[in-house]
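1. Could you work out the structure for the sequence below:
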Amino acid sequence: MTATTDKRQSTARTSQLLASFISEVFGPMPVGLALCVGVGATARGWAGAGWGLLAIVFAAVIPYIITWRMRHPQDGKKPSRRTRLRYLLVTTCCACAGLLVVAQLGAPKGVVAIAIMIVVGLLVGAVINARWRMSNHVAGASAAVTALSVIYGPVWLLGLTIVALIAWARITLGMHTLPEVALGAIVGGAVGALIPTLLLT
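-> Numbers count the residues shown, from 1 in each chain. Alright, predicted model coming up:
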């Protein structure tokens, strides 16, 4: 009995560690960074990668620093709906500033399109989170995968397996429920498919 209990506890700990790793590696900021820099690099090499980096600094890095306290309450509880809405609005404002900068200074069309997609995704996320909880991790990854499939071809839809892993991780960590990650996947996928299609095809 004790051996079985210990084995279950060990498995649970392993699952938690794996879920934490997946959640961090495929969080909104790393995914956004890879997306912006990658799209920029394919357009103009190192110069394009620099434009992508500039866009994501505004859209993710700056708001990540500003909202750190909001997203990590000292009591260890999940952020409230109001708190989630506040940091989404802060991030949206920063992303809008970044969009204006890269658009006005001549960034590649793909980088501008992704910056617009991020702004739209954040606005939609803020509206939804004002009423219901939605997984921003899953939404961001789903948007990235569908955007890449629009820009570079349907083979990128294989990345949905990673989206499923992220969804599992968020549920395992107790951060979201199945309906919340499903909502994130649907909303992110819709934004990621729509905006690049309208702007780049």
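2. make it CA atoms for all contacts and neighbour counts henceforth
-> OK.
3. packing partners for the helix or strand in which Leu54 is found?
-> Secondary structure from DSSP states H and E places Leu54 in helix 28-56. Here helix 28-56 touches helix 81-105, helix 109-129, helix 136-152, going by 3 or more CA pairs under 8 Å, 6 or more residues apart in numbering; DSSP states H and E.
4. Regarding Arg133, what are the backbone dihedral angles?
-> phi -80, psi 140 (degrees, to the nearest 10).
5. Where does pLDDT dip in this protein?
-> 1-7, 71-77, 79 (pLDDT under 70).
6. Adding mean neighbour count, write the helices and strands packed on helix 28-56 out as JSON lines.
-> Output for these, formatted as JSON lines (neighbours: other CA atoms under 10 Å):
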{"stretch": "helix 81-105", "mean neighbour count": "19"}
{"stretch": "helix 109-129", "mean neighbour count": "22"}
{"stretch": "helix 136-152", "mean neighbour count": "26"}
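7. So for Ala41, which of those sits nearest?
-> With CA to CA as the criterion, Ala41 lies closest to helix 109-129 of these, at 9.4 Å.
8. helices or strands up against the closest one?
-> Helix 109-129 packs on helix 28-56, helix 81-105, helix 178-200, going by 3+ CA pairs under 8 Å, 6+ apart.
9. Give me the distance from the longest one to the chain's centre.
-> Same thing as helix 28-56. 14 Å (CA atoms, centre = their mean, to the nearest Å).
10. one step back: helix or strand right after the helix holding Leu54?
-> Next element after helix 28-56 (DSSP H and E): helix 62-66.
11. Residues contacting that following helix, please?
-> Residues from elsewhere that reach helix 62-66 (CA atoms under 8 Å, 6 or more residues apart in numbering): Met29, Tyr87, Val90, Thr91, Cys94.
12. hmm, try it at 6 Å
-> With contact meaning CA atoms under 6 Å, 6 or more residues apart in numbering, helix 62-66 is reached by Thr91.
13. Pull out the buried residues from it.
-> Pro63, Tyr64 (16 or more other CA atoms under 10 Å).
14. Following that helix in sequence, what is the next regular element?
-> Heading C-terminal from helix 62-66 (DSSP H and E), you reach helix 68-71.
15. by contact count, what packs against that next one?
-> Other helices and strands packing on helix 68-71, by 3 or more CA pairs under 6 Å, 6 or more residues apart in numbering; DSSP states H and E, are absent; none qualifies.
16. CA atoms of that helix as PDB?
-> Taking Å, rounded to 0.1, in the frame of the first residue of the first chain, the C-alpha atoms of helix 68-71 are listed here in PDB:
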ATOM      1  CA  TRP A  68       5.000  40.600 -12.800                       C
ATOM      2  CA  ARG A  69       3.500  41.400  -9.400                       C
ATOM      3  CA  MET A  70      -0.100  41.300 -10.800                       C
ATOM      4  CA  ARG A  71       0.500  37.900 -12.300                       C
END
